[in-house]
Every structure is written in C-alpha cells, then in structure tokens.
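A.B. asks: Kindly generate the corresponding structure for this input.
(2 chains)
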There are 2 protein chains.
Amino acid sequence: MIEIAPDRPTDDDIRAGEVSVPLPERFDAGLYFIGRIRTPWTERGTCPRRGDAEEGPVCTLEIDPRWADALAGVADCPRLQVLYWMDRARRDLVLQSPRDGATRGTFALRSPVRPNPIASSVVSLVGVEGMNVMVRGLDCLDGTPLVDLKVQHG
Amino acid sequence: MIEIAPDRPTDDDIRAGEVSVPLPERFDAGLYFIGRIRTPWTERGTCPRRGDAEEGPVCTLEIDPRWADALAGVADCPRLQVLYWMDRARRDLVLQSPRDGATRGTFALRSPVRPNPIASSVVSLVGVEGMNVMVRGLDCLDGTPLVDLKVQHG
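C.D. replies: Here you go, the predicted structure:
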C-alpha cells in the first residue's frame, strides 16, 4: 500500500510522534527521468491507496523518445515493474504517523516520504503504442516522473 | 532475474545487436545512499543470478546512523523490498544481448544496465541488530550502495 503524503509539506505538517533529521549535504548519484506517468488523478485526495493491484483504470507511461529502442519486447511482458519518483514528498522524516496506524520507522512503511522517494508497483500490461505503454495497477498522480520500467517475472 | 554486466565496461564491451544512445546532459533528481550491502560476493563472476529468491546466504544491510529511527518496526516485517544502486553498470544501452537470450530492449530485461541502474529485490528478514539488517535473497556485489528499504506486504 502506498500512503499519501501532504502536498508541499512544511514543518507544520509533522504529526504527533513524527521525527525529521537533517538531510545529507550532497547527493551520491543522479537520476534521469525517462518519461511521465499519465493517470486520472490530479489531486492527492483522489488517488486510490492501492499499490501493486492489477486492476483500476488504464494509465499510460509516456516514454521519452531517447529510449525508444529500450521498449523492444515490452509488448511481450504481461507483468512489469514500474519505478517512479514521488516528487512532492519530503525526504527527511524517519518516524511517521500514518492516519491509519501507529507511528513507525520510514523503512517499515511504504509511504512516499522517505530519503529517496522512489515508489515501486507491479502492473499488468494493456498494450504498447509507439512511445506509450498502457498498464493497470498504478495509483499515482498525473504527471509523476518515471524512473524505470522492467519486466517482472513470475 | 538480475543479469550480470561486465565490470567497468567500455565501447568494446558492446555485443552483437546491442545499441547505445547519448545520455541526457543533466540529471533530474538526486539520490542519497542510505547505507551499503554486505554480501559474500566480491567479483561479478561469483554472484548468483537469482534475484528475489528468499534463500541463499545471509547478507547485511548496513544502514547509515543518520537513519537510525527509520528502522523502528522493521524487525516486525518478515518481507522487505530492497532497492540498490548498480554502480558499475553503464547506463546508455537501449538494446542488450544477454548471454542467455535474444537481443531485447532494456525495459524488457532486468539487467543492471539501464538509464537508472536501480535493482529491486524482495528479501526475507533474518534479524535487526543495531544499524544492521540481516536478510536472505540478495545476489549483489559486496559494498553495493543501498537506496531504499520498505516493508513488503503480501
């Protein structure tokens, strides 16, 4: 399950029991966004909290043309793993208090609020048309940056 | 399954049918390494090609002390998803020719060679001792940078 974080959070958004830490002064590696995810959800409140379900509406992975050849064979992959970047999530909380549970450490949650806000979902393929990969099973905001797409075995 | 890429590849390492593209001029986001993975494997040739198996030797996730509180509750998570950075993999191949199969697009493979060389494995928890999380199910090189650790439901 992917919990929802507040939009553009400030310190005021810290809930009872939550703890933040200073972030490191520099990054250790860089990511390229390889495309964007198109979904029906434009506000956080409307996103389903599902994650890894293989149902729900069709969403589209719009891949940057640079990576066109990397899609060869994707049409033959019934299941795919999608990694995406939760670009609105703060990165400095180590203890979090989800609305639906007790305060826990960030690594014991799947909240987008984490040092590296990478979400992972397993989705089912609907089809590939040009640079667009249609899938079911995502629950993120429209426009979310795409980080990776891999065949999912088993 | 995680395929193995050659160490410190050069253009000479491109196999028949493989294609590279120019990488973007800048990164879109930055990652913090949150720790290192300790495994028995110090050379690529000795790494098992397993991935997501919940067996094999115990490996240790050494978490940076900055994130200590984020481990609260991890001891109660029998399954965890681990994201790690394949720092020796080239990032510019869009078509790849695995030793064990036909030439395919990068997104139809789980090879570490990809625009963002993030590997994902589901592992089983053995125990937590201080900043060390012991797990089974990894197949990466000793010293691999750790990017994320999340509870895995189901």
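A.B. asks: Hmm, residue A:78 is touching residue A:126, no?
C.D. replies: No - taking contacts as CB atoms under 8 Å, residue A:78 lies outside contact range of residue A:126: 10.1 Å. All C-beta spots, glycine's among them, are computed from the backbone N, C-alpha and C.
A.B. asks: Look at the closest residue to residue A:28 other than its chain neighbours and say how many residues are nearby.
C.D. replies: In space, residue A:28 comes closest to residue B:33 once its chain neighbours are excluded; the distance is 4.2 Å by CB to CB, 6 or more residues apart in numbering or on different chains. Neighbours of residue B:33 under the rule other CB atoms under 10 Å in any protein chain shown: 19.
A.B. asks: what are the ranges of the strands in chain A?
C.D. replies: For chain A, strands defined by DSSP state E occupy the ranges A:19-20, A:29-31, A:35-38, A:58-63, A:79-85, A:93-96, A:104-105, A:118-129, A:132-136, A:144-151.
A.B. asks: so can I have JSON lines of these showing mean pLDDT and distance to residue B:120?
C.D. replies: JSON lines is the format used below for the strands of chain A (pLDDT from 0 to 100; distance: least, CB to CB, whole Å):
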{"stretch": "strand A:19-20", "mean pLDDT": "96", "distance to residue B:120": "26"}
{"stretch": "strand A:29-31", "mean pLDDT": "98", "distance to residue B:120": "14"}
{"stretch": "strand A:35-38", "mean pLDDT": "98", "distance to residue B:120": "17"}
{"stretch": "strand A:58-63", "mean pLDDT": "97", "distance to residue B:120": "17"}
{"stretch": "strand A:79-85", "mean pLDDT": "98", "distance to residue B:120": "6"}
{"stretch": "strand A:93-96", "mean pLDDT": "98", "distance to residue B:120": "22"}
{"stretch": "strand A:104-105", "mean pLDDT": "98", "distance to residue B:120": "20"}
{"stretch": "strand A:118-129", "mean pLDDT": "97", "distance to residue B:120": "6"}
{"stretch": "strand A:132-136", "mean pLDDT": "97", "distance to residue B:120": "17"}
{"stretch": "strand A:144-151", "mean pLDDT": "98", "distance to residue B:120": "8"}
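A.B. asks: Mean neighbour count and distance to chain B added to the ones you listed, as a markdown table?
C.D. replies: Shown next, in a markdown table, are these (neighbours: other CB atoms under 10 Å in any protein chain shown; distance: least, CB to the nearest CB, whole Å):
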| stretch | mean neighbour count | distance to chain B |
| --- | --- | --- |
| strand A:19-20 | 16 | 6 |
| strand A:29-31 | 18 | 3 |
| strand A:35-38 | 19 | 10 |
| strand A:58-63 | 20 | 8 |
| strand A:79-85 | 21 | 6 |
| strand A:93-96 | 24 | 4 |
| strand A:104-105 | 22 | 4 |
| strand A:118-129 | 19 | 6 |
| strand A:132-136 | 19 | 8 |
| strand A:144-151 | 23 | 4 |
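A.B. asks: For the ones you listed, give me TSV that also has distance to residue B:145.
C.D. replies: Converted to TSV, the strands of chain A look like this (distance: least, CB to CB, whole Å):
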stretch	distance to residue B:145
strand A:19-20	23
strand A:29-31	7
strand A:35-38	24
strand A:58-63	26
strand A:79-85	16
strand A:93-96	19
strand A:104-105	20
strand A:118-129	14
strand A:132-136	28
strand A:144-151	16
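A.B. asks: nearest to residue B:45, of these?
C.D. replies: Proximity to residue B:45 (CB to CB) singles out strand A:144-151 among the strands of chain A, at 23.2 Å.
A.B. asks: The closest one pairs with which strands, and in what direction?
C.D. replies: Applying DSSP bridges to the sheet, strand A:144-151 is found paired with strand A:35-38 (antiparallel), strand A:79-85 (antiparallel).
A.B. asks: So the residue nearest to residue A:28 sits against residue A:26, correct?
C.D. replies: No - the pair residue B:33 / residue A:26 is not scored as a contact, 10.8 Å apart, by CB under 8 Å.
A.B. asks: and residue A:48, what is it in contact with?
C.D. replies: A:41, A:56, A:139 (CB atoms under 8 Å, 6 or more residues apart in numbering or on different chains).
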